[in-house]
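J.: just to be clear, the model below is a prediction. Sequence and coordinates:
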Amino acid sequence: MELLKERKTVLDAALRTLVTALDDANKFPADADEEDYRRHRDSTIQRFEYCTDLFWKYLKFFMEKEHGVTAKSPKSAIREAVAIELISGKEGELALQMIDARNNTAYIYREAIAEQIYQQVPYYFNLIMSVLKRLKQ
């Protein structure tokens, strides 16, 4: 149980960095320099990447410890979480999209993809927080 707590602490710390980036996005001036905007966007995406990785790994570990369920990959972890009703089917669909988005940021870099994912990060963040709140109970 101690290891589960430790993993949650690490995930919480990572999520705080994403909260900061999302808060900064709300304060970003409309007339900001294009390069400043790109730096902020790319920083937010990187934070999204590591939060997504930590989230699915925490979910996987949680299911192993609390439910005896084993998952070997991010998508299998999401599917297993849906199967044992830790997350709803709708949340599962969004979580699978989140994993795809994370993979796209890590392996394919295109300006249009980066912008699209950047716009979706708040939804993915809300999903993570909703699932974590439920797991805490």
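T.: Received, thanks. For clarity, every value in this text was computed on a predicted model and none was experimentally measured.
J.: for the record, mean pLDDT for stretch 119-130?
T.: Stretch 119-130 carries an average pLDDT of 96.
J.: and it, what's buried?
T.: 121, 124, 125, 127, 128 (16 or more other Cβ atoms under 10 Å). Heads up, the C-betas are built off the backbone N, CA and C, glycines and all.
J.: turn those into JSON lines, including distance to residue 60 and secondary structure.
T.: Formatted as JSON lines, those follow (distance: Cβ to Cβ, whole Å; DSSP: H, G, I helix; E, B strand; the rest coil):
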{"residue": "121", "distance to residue 60": "22", "secondary structure": "helix"}
{"residue": "124", "distance to residue 60": "17", "secondary structure": "helix"}
{"residue": "125", "distance to residue 60": "19", "secondary structure": "helix"}
{"residue": "127", "distance to residue 60": "16", "secondary structure": "helix"}
{"residue": "128", "distance to residue 60": "14", "secondary structure": "helix"}
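J.: and which of those is nearest to residue 16?
T.: Nearest to residue 16, judged by Cβ to Cβ, of the buried residues of stretch 119-130 is residue 125 at 11.3 Å.
J.: list the contacts of the closest residue to that closest one other than its chain neighbours.
T.: By the measure of Cβ to Cβ, 6 or more residues apart in numbering, the closest residue to residue 125 outside its immediate chain neighbours is residue 18, 5.9 Å from it. For residue 18, the contacting residues are 44, 47, 48, 51, 121, 125, by Cβ atoms under 8 Å, 6 or more residues apart in numbering.
J.: check which helix or strand covers the most centrally placed residue in the chain.
T.: By Cα atoms, centre = their mean, the chain has its centre lying nearest to residue 52, at 3.1 Å. Using DSSP states H and E, residue 52 sits within helix 34-67.
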